[in-house]
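Peer 1: Quick one: sequence and predicted model below, then my questions.
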Amino acid sequence: MANIEEPEDVERIFTLNEANCLIPQLEEICVAIQKGRAIVIRTRDEIKKASAQAHLGGGSVAGPQYIQALQRIHVNLKTLHEMGVLIKDVDIGLCDFLYRLNGRTVCLCWKLGEEKIHWWHEVFGGYSGRQRLPEEAV
């Protein structure tokens, strides 16, 4: 029987140092995702119109830009997944890393713009339950 405190599909447990070392790369990835998302949002109405007229052979000038943005988002999300990073909110660049704290699995919590990881929360808790890492962990 699985313990409710432990996630079932643990792929990678990070050390605090490993997670902090990824921050420069995470910043680039999160910004790229946000830029791609902005393009998708900006062009979606035009894409919907073109899609509705597709049976007439119509297209859209925004089509290639829209598709490229979706592809960039996909590639960057896949990269995060392959790194073992859990993206929780693309709008604010919120990422979690599985971590062992006092013998149990929790999530280190990092948000775009933070220089280092100082926060953690329960695996099923989320951002609103963030707590400061103990001094001995930092």
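Peer 2: Noted; the coordinates are in hand.
Peer 1: Show me the beta-bridge partners of the most centrally placed residue in the chain.
Peer 2: Closest to where the C-alpha atoms of the chain average out (C-alpha atoms, centre = their mean) is residue 87, at 2.2 Å. Beta bridges link residue 87 to residue 95 when assigned by DSSP bridges.
Peer 1: Go through stretch 64-83 and flag the buried ones.
Peer 2: For stretch 64-83, the neighbour count (16 or more other C-beta atoms under 10 Å) marks 65, 66, 69, 72, 73, 76, 77, 79, 80, 83 as buried. All C-beta atoms are positioned from the backbone trio N, CA, C, and that covers glycine.
Peer 1: Pretty sure the second one sits against residue 48.
Peer 2: No. Under the criterion of C-beta atoms under 8 Å, residue 66 makes no contact with residue 48, lying 10.4 Å away.
Peer 1: List the residues that contact the residue nearest to the centre of the chain.
Peer 2: 30, 33, 77, 80, 94, 95 (C-beta atoms under 8 Å, 6 or more residues apart in numbering).
Peer 1: Can you pull out the residues in contact with the helix or strand where the fourth one lies?
Peer 2: Spelled out, it's residue 80. In the assignment (DSSP states H and E), residue 80 maps to helix 63-83. Residues from elsewhere that reach helix 63-83, judged by C-beta under 8 Å, 6+ apart: 12, 22, 25-26, 29, 32-33, 35-37, 39-40, 43-44, 47, 50, 60, 86-87, 95.
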